[in-house]
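J.: What follows is a predicted structure for the sequence shown.
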Amino acid sequence: MRPELYRNKSSLKKLKQPPKNMCLDLNSLKSNESIDPIEKLEDDIRHELSVIQLHNQSIEYLTNQSRQ
């Protein structure tokens, strides 16, 4: 990977905090906009994991059926 993709500690210190009086109206956001990309990725991973687990169960069931 390229080094410029990694943030160093000095760049993290430069990040500023939002103003304390800043507020966000959640009702004004659309549902698509309120979903964090990381949350979406986690949901996709959970979904893929459940599909894999179902496939594994099917394989185990069929394997047991063939042994009988």
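T.: Looks like it arrived, so ask away. Here the structure is a predicted model, which is why all the values come from computation and not from measurement.

J.: Quick check: longest helix in the chain by residues?
T.: helix 37-67 (DSSP state H).

J.: Pull out the buried residues from that one.
T.: Judged by neighbour count (16 or more other CB atoms under 10 Å), helix 37-67 contains no buried residues. For every residue, glycine as well, the C-beta is placed using N, CA and C.

J.: Quick check: mean pLDDT of that helix?
T.: Average pLDDT, helix 37-67: 95.

J.: Against which helices or strands is that helix packed?
T.: For helix 37-67, there is no helix or strand it packs on, judged by 3 or more CB pairs under 8 Å, 6 or more residues apart in numbering; DSSP states H and E.

J.: begin at 482 from here
T.: I'll keep to 482 as the first residue from here, and by that count the last item is helix 518-548.

J.: how far away is Glu520 from Ile540?
T.: Distance of Glu520 to Ile540, computed by CB to CB, to the nearest Å: 31 Å.
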